[in-house]
Every structure is written in structure tokens, then in C-alpha cells.
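J.: Fold the following for me, if possible:
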Amino acid sequence: MKHQILIAGKGGQGIQMMGYLLGYSFVKYQGKHVVQTEEYGASTRGGESYTELVVGDREEDVLLFKVQKADTAVFMFQQSWNSLIGKIQNGTTVIYDGSLVKPDRGRLYNIMATEISRNELKSPIVANMIMLGAISAISKTVTLGELKSAIGEVLSHKWEELNVRALETGYNKANELLGDGGK
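T.: Reported below is the predicted structural model:
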């Protein structure tokens, strides 16, 4: 298995943390080989930010350390979509926050993570965890249990309950969406 994943947004949305937790889960719980690269502008908060993961069963699978054509992509910022569209194919699974991004290519899954984090979870800081849960449900590359374990091992225990709740919310919203056939 070789899988190329792109996660993009802007500084302050937790884009890099999403990539780290995803990569950690692949390595620790699945024994996969992972190369992760991070890109972010000089203006960390508010500037474009993205991370790329190349995941494989063998070391040879990850020799190419930059995503060429994403199998799965997450977008939380329109400018990121505009600048990274060349990595998106018609068959790419694109998970996006429809209040922030209007993609026009790929297999589209709208998860209104920012809105859900504010209105349902009453915390604007967990939209990234909602999207991470959606990745698990939609791409089926990593399990919800693996991501919960990663949160428990990597993030502060002070915020663990909220992050896990957000992760579960994203997973459940994505499964509801899948039941409706996507968009």
C-alpha cells in the first residue's frame, strides 16, 4: 500500500498537528513507513500552511517524499486549494470545510468543521480534530481507535477529552455524509 495525503489550511488551524497525529498513528499502530513534510509561511498564524504525508508498507514506497498526486486531501483554506490544486486528481478524495473552501475537483466530502466546532462543541480550536475524525471515516486508512490513542499519547491530557470528542464528532458526521452518498 502506498498512499499520498495532503492536509492544507492556514496557520493557527492545527494543520501540522493533524499531519503529525496521522503520521504517528500510521507508524506506531500500523508499522507503516511515513515521510511527512511541512510547509508554512513566514507569517505562521493566518498564512498558508500544509503538510504532506507519503505512507507505505515498505521503505521503498516512501522514497518520494513529496505528494505528487494526492489520494486523500483535506482543505480548510481557499488559498491553499488555489495553490495546491495541481496535486488533486478527479479521483482524489477531497475532504473540505465548505464554509471556508469551494473545491471543484475530486470526490468531494463537505465537513463543516469550523461551524461544528463553534456551534456543537462550543470550542473554535478543535476544527482540526473534527477533520481528522472525518479522514478516518472517509479514507479508512487509519482507525478511530488509533487516532484516539495517538491523541492520548501526544497531546496534553488537559485537552484530551475535548479533542477525542471532536475526533468522534468528525468521524460520526463523515459517516452520516457517507450514508448520504458524499456531498
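J.: need the helices for the chain, in chain order.
T.: For the chain, the helices defined by DSSP state H occupy 15-30, 78-84, 113-119, 127-139, 144-154, 160-179.
J.: pLDDT-wise, which helix or strand of the chain ranks last?
T.: In the chain, the helix or strand scored least confidently by mean pLDDT, DSSP states H and E is strand 33-40, which has a mean of 89.
J.: how about it: buried residues?
T.: Residues 33-36, 40 are the ones in strand 33-40 that count as buried (16 or more other CB atoms under 10 Å). For every residue, glycine as well, the C-beta is placed using N, CA and C.
J.: residues in contact with it?
T.: With contact meaning CB atoms under 8 Å, 6 or more residues apart in numbering, strand 33-40 is reached by 11, 15-16, 19-20, 23, 26-27, 47-59, 61-62, 65-66.
J.: Tell me which of those residues fall in strands.
T.: 48-56 (DSSP state E).
J.: quick one on the thing from earlier: closest one of the buried residues of strand 33-40 to I85?
T.: Checking the buried residues of strand 33-40 against I85 by CB to CB gives Y40 as the nearest, at 18.7 Å.
J.: got the contact list for the nearest residue to E52 once chain neighbours are set aside?
T.: Counting by CB to CB, 6 or more residues apart in numbering, E52 lies nearest to V67, which is 4.2 Å off, once chain neighbours are set aside. The contact partners of V67, taken as CB under 8 Å, 6+ apart, are 4-6, 52-54, 87.
J.: I'd like the residues you listed as JSON lines, with pLDDT and neighbour count appended.
T.: Formatted as JSON lines, the contacts of V67 follow (pLDDT from 0 to 100; neighbours: other CB atoms under 10 Å):
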{"residue": "Q4", "pLDDT": "94", "neighbour count": "21"}
{"residue": "I5", "pLDDT": "96", "neighbour count": "27"}
{"residue": "L6", "pLDDT": "96", "neighbour count": "24"}
{"residue": "E52", "pLDDT": "94", "neighbour count": "23"}
{"residue": "L53", "pLDDT": "95", "neighbour count": "26"}
{"residue": "V54", "pLDDT": "93", "neighbour count": "23"}
{"residue": "K87", "pLDDT": "95", "neighbour count": "18"}
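J.: so how far is V27 from D61?
T.: 13 Å (CB to CB, to the nearest Å).
J.: ok so, going back, can you say which of the contacts of strand 33-40 are buried?
T.: Neighbour-count burial (16+ other CB under 10 Å) applied to the contacts of strand 33-40 gives 11, 15-16, 19-20, 23, 26, 48-56, 61-62.
J.: ok so, going back, what's the most buried one of the helices of the chain?
T.: Across these, averaging neighbours per residue (mean count of other CB atoms under 10 Å) puts helix 127-139 on top, at a mean of 27.
J.: elements contacting it?
T.: Helix 127-139 sits against strand 2-10, helix 15-30, strand 72-75, strand 93-96, helix 113-119, helix 144-154, helix 160-179, with contacts defined as 3 or more CB pairs under 8 Å, 6 or more residues apart in numbering; DSSP states H and E.
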